[in-house]
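In: Output the structure for:
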Amino acid sequence: MIINAENLILGRLASYAAKKALLGEKIEIVNCENVVITGSKQEIFQEYKSKIARGNVFKGPYFPRRADMIVRRTIRGMLPRKKARGREAYQNIKCYIGLPENLKNQNFISLDNANVNKLRSLKFVYIKDMSKMYGK
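Out: Numbering: from 1, shown residues only. Just a heads-up that it's a prediction; the model follows:
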């Protein structure tokens, strides 16, 4: 299953992908840099900055700065990763920035209930803006 993540809300996308991965499906998510996090820009940036600053540089916990890894980490939080079925489900998830060459001629799924157009407010931030500000 290939999901086009353009203009999708991060939490709803992650919960859908986690459920499908637990059922044994292989999930590939493209255009991860265009995923949206809802809320005010200042609060999102402040919370993300505090997550990056946590822990020891050598021991962790580590929080990703690249857009595709942020999406994958969010999905990991919705899986029982300390159990065998959660680890297997996490291995079935792949996230990409942009559209890779080997997936160009495939059919994509877009989640209608997770689209940013369904929001009532206009307060949201693209992950690519967060990545640009704090990392790679």
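
In: If you count contacts, what does the helix or strand of the chain with the lowest mean pLDDT end up packed against?
Out: The weakest-scoring helix or strand in the chain, judged by mean pLDDT, DSSP states H and E, is helix 127-134 (a mean of 79). Using 3 or more CB pairs under 8 Å, 6 or more residues apart in numbering; DSSP states H and E as the contact test, the elements touching helix 127-134 are strand 36-38, helix 41-53, helix 67-76. Placement of C-beta: from N, CA and C, glycine included.

In: Tabulate the ones you listed (CSV), appending distance to residue 95.
Out: Formatted as CSV, these follow (distance: least, CB to CB, whole Å):
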stretch, distance to residue 95
strand 36-38, 15
helix 41-53, 17
helix 67-76, 4
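
In: Would you convert those into JSON lines that also reports mean pLDDT, distance to residue 128 and mean neighbour count?
Out: Shown next, in JSON lines, are those (pLDDT from 0 to 100; distance: least, CB to CB, whole Å; neighbours: other CB atoms under 10 Å):
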{"stretch": "strand 36-38", "mean pLDDT": "90", "distance to residue 128": "10", "mean neighbour count": "19"}
{"stretch": "helix 41-53", "mean pLDDT": "81", "distance to residue 128": "13", "mean neighbour count": "13"}
{"stretch": "helix 67-76", "mean pLDDT": "91", "distance to residue 128": "6", "mean neighbour count": "21"}
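
In: Would you agree residue 41 is in contact with residue 125?
Out: Yes: at 5.3 Å, residue 41 counts as touching residue 125 under the criterion of CB atoms under 8 Å.

In: Any stretches of the chain with poor pLDDT?
Out: For the chain, residues meeting the criterion pLDDT under 70 lie at 136.

In: Who are the contact partners of the residue nearest the centre of it?
Out: Nearest to the geometric centre of the chain sits residue 71, at 1.7 Å (CA atoms, centre = their mean). By CB atoms under 8 Å, 6 or more residues apart in numbering, residue 71 lies in contact with 5, 10, 13-14, 29, 32, 35, 95, 127.

In: Likewise for residue 125?
Out: With CB under 8 Å, 6+ apart, residue 125 has these contacts: 36-37, 39, 41, 44-45.
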